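*Asks:* could you look at this predicted model? Sequence included:
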Amino acid sequence: RAGKFLCRTPFQTTLIVLYSLRLYLRQISRYRQQGAGADDLRFYKQWINSQGGSSMESRLPWLSFRAIELLESRIKPEHHVFEFGGGGSTLFFLDRVASVVTAEHDTVWFDKLKSSIDPTLGKRWTALANPPEAGDLVKHPDPSLPEHYHSSDSNYRGMNFRNYASSIDAFPAERFDWILVDGRARPSCLLHAVSKLKRGGYLILDNFERATYHPSAREISKMSFRLVLDRQGPCPFTPDFTRTAIWQKVDV
């Protein structure tokens, strides 16, 4: 694993860089069929420098570099954002848009996030704490089925995320320019998100490499959405390549 090069001799630093480059190139080769390629080399310096860092400190979303690049090129100051799962993405959006709504299931993490928000930004940020509720909604819940509101994380066995995923229902149709799905029970969040996105707006699904998200993605593709990004590639703060998918809502 790559790390920050503090307290290293030049020889040790060279070995770490060579090991990290080898790891990076192996992942480009491994994920070539998922869109990784030689052009990912332009992200190498950002990738290696981010290892050992944190999303919150860097004020960056924990998405692929390609997704961050797309965000930075298309976000406008007048935009409105809803995100399932807060953190560095919250700070990133607050630095750039008119308003952000964050739904978070982890109340301890949410308190930490709140302490990182500049009080002067409070009027532009809406915080929704929605921890999971006890009890499965069906006998054998399937995390790939949106109506089950279930997480594949074993830490939440016997719990459901219906209130969390449906928290966006409190807002009008076509309210948001961007909706980020990067929390729990993501297929369920997608189910509730599609009607809240403006025409021309963007829907982001992180960690699309997980098979449990693919059935919901196929349903989105049948709707008025155009896939604008779906490539496995380097991601800050982690040595592993990840896959972020982004769709744009288009006119019928």
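*Replies:* That came through, no problem. If you're wondering where the values come from, they're calculated on a predicted model, not measured in any experiment.

*Asks:* so Ala193 makes contact with Glu83?
*Replies:* No - distance between Ala193 and Glu83: 10.3 Å, which falls outside the contact criterion (CB atoms under 8 Å). Bear in mind the C-beta positions are built from the backbone N, C-alpha and C, glycine included.

*Asks:* between the two, which contacts overlap?
*Replies:* Overlap between the neighbourhoods of Ala193 and Glu83 consists of Ile179, taking contacts as CB atoms under 8 Å, 6 or more residues apart in numbering.

*Asks:* low-confidence ranges in the protein?
*Replies:* Across the chain, the ranges flagged by pLDDT under 70 are 1-8, 11-16, 252.

*Asks:* if we go to 80?
*Replies:* Across the chain, the ranges flagged by pLDDT under 80 are 1-17, 121-122, 251-252.

*Asks:* helices of that one, start to end?
*Replies:* Under the criterion DSSP state H, the chain contains helices at 10-30, 44-50, 55-58, 65-74, 88-94, 107-116, 162-165, 186-193, 214-222.

*Asks:* flag every buried residue along the fourth one.
*Replies:* The one in question is helix 65-74. Across helix 65-74, burial judged by 16 or more other CB atoms under 10 Å covers Phe65, Arg66, Ala67, Ile68, Leu70, Leu71.

*Asks:* who touches that helix?
*Replies:* Under the criterion CB under 8 Å, 6+ apart, residues 43, 46-47, 60-61, 63, 92, 178, 202, 204, 206, 228-229, 231, 233-236, 244, 246 lie in contact with helix 65-74.

*Asks:* ok so, going back, compare Ala193 and Glu83 (neighbour count), which wins?
*Replies:* Neighbour totals were compared for Ala193 and Glu83, and Glu83 leads with 26 against 22 (other CB atoms under 10 Å).

*Asks:* separation between the nearest residue to that one once chain neighbours are set aside and Asn163?
*Replies:* Leaving out its chain neighbours, the residue that sits closest to Glu83 by CB to CB, 6 or more residues apart in numbering is Leu180, at 4.1 Å. In this structure, Leu180 and Asn163 are 19 Å apart, going by CB to CB, to the nearest Å.

*Asks:* same check on Pro187?
*Replies:* For Pro187, the distance to Asn163 under the criterion CB to CB works out to 16 Å.

*Asks:* which of the two has more neighbours?
*Replies:* Pro187 (25 against 15).

*Asks:* doesn't Pro146 make contact with that one?
*Replies:* Yes - with contacts counted by CB under 8 Å, Pro187 reaches Pro146, the gap being 4.4 Å.

*Asks:* mind listing the shared neighbours of those two?
*Replies:* Shared contacts of Pro187 and Pro146 (CB under 8 Å, 6+ apart): Ser216.

*Asks:* residues touching the closest residue to Phe171 other than its chain neighbours, list them.
*Replies:* Spatial nearest neighbour of Phe171, chain neighbours left out: Lys196 (5.8 Å); criterion: CB to CB, 6+ apart. Shown here is Lys196, whose contacts under the criterion CB under 8 Å, 6+ apart are Phe82, Ile168, Phe171, Pro172, Ala173, Glu174, Arg175, Phe176, Ile179.

*Asks:* dump those residues into JSON lines; add distance to Leu18 and neighbour count as well.
*Replies:* Output for the contacts of Lys196, formatted as JSON lines (distance: CB to CB, whole Å; neighbours: other CB atoms under 10 Å):
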{"residue": "Phe82", "distance to Leu18": "43", "neighbour count": "27"}
{"residue": "Ile168", "distance to Leu18": "46", "neighbour count": "22"}
{"residue": "Phe171", "distance to Leu18": "50", "neighbour count": "15"}
{"residue": "Pro172", "distance to Leu18": "54", "neighbour count": "8"}
{"residue": "Ala173", "distance to Leu18": "53", "neighbour count": "8"}
{"residue": "Glu174", "distance to Leu18": "51", "neighbour count": "14"}
{"residue": "Arg175", "distance to Leu18": "49", "neighbour count": "18"}
{"residue": "Phe176", "distance to Leu18": "44", "neighbour count": "24"}
{"residue": "Ile179", "distance to Leu18": "41", "neighbour count": "28"}
